[in-house]
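Chemist: 3D model of this:
(one chain, ligands or ions: 1)
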Amino acid sequence: MNIFRRRGIVDHAVSGIAMLNCKQVNELAGDYHSGELSLAKRISVYVHLLMCVHCRRYVKQLGVTIDSVKTLLEEPACSDKALEETISHITNNKVKKD
Ligand SMILES: [Zn+2]
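Modeler: Numbering: from 1, shown residues only. The predicted model follows:
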């Protein structure tokens, strides 16, 4: 980034595509994954990610986390029937011990 800063390129907007800093990319990372960014902002984030390994790792890890949470929310840990059977098994074993 320093070479770009020395040349005055950082934070300079060209045709709506701005050179973003790391803080700005981190703020936009969630919207980048959900596809809620305009094309210009999406390209701006993408260009930053090409140059910044730290943000690239962060955005990639955020994507993995988002996908994991979506999977957990979509797939129940067990079916209602399995849950009822487990509760019944525990309850029956508890009664036998008493
Ligand atoms: Zn960065």
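
Chemist: let me see the residues that make contact with the strand or helix carrying Q24.
Modeler: Counting by DSSP states H and E, the element that carries Q24 is helix 22-34. Applying C-beta atoms under 8 Å, 6 or more residues apart in numbering, the contact partners of helix 22-34 are 20, 37, 41-42, 45, 48-49, 52, 54-55, 58-59, 62-63, 66. Placement of C-beta: from N, CA and C, glycine included.

Chemist: need the next SSE after it, C-terminal direction.
Modeler: Following helix 22-34 in sequence, per DSSP H and E, is helix 39-51.

Chemist: on that earlier part again, so does the helix holding Q24 get close to the ion?
Modeler: Yes - residues of helix 22-34 contacting the ion under C-beta under 5 Å from the ion: C22.

Chemist: could you give the angle of that helix to helix 39-51?
Modeler: 120 degrees (axes from the mean of the first three to the mean of the last three C-alpha atoms, to 10 degrees).

Chemist: on the three-state scheme, the most centrally placed residue in the chain is what?
Modeler: Among the residues of the chain, the one closest to the centroid is L62, at 2.9 Å (C-alpha atoms, centre = their mean). Taken by DSSP: H, G, I helix; E, B strand; the rest coil, the conformation at L62 corresponds to helix.

Chemist: what does the model give it for pLDDT?
Modeler: L62 carries a pLDDT score of 96 in this model.

Chemist: excluding its backbone neighbours, what's nearest it?
Modeler: Among residues not flanking L62 along the chain, A29 sits closest, at 5.2 Å (C-beta to C-beta, 6 or more residues apart in numbering).

Chemist: where's that neighbour relative to the ion, distance?
Modeler: To the ion, A29 is 10 Å away according to C-beta to the ion, to the nearest Å.

Chemist: now do that residue, the pLDDT please.
Modeler: pLDDT at A29 comes out at 96.

Chemist: which positions in the chain make contact with the ion?
Modeler: C22, C52, C55.

Chemist: which of those count as buried?
Modeler: C52, C55 (16 or more other C-beta atoms under 10 Å).
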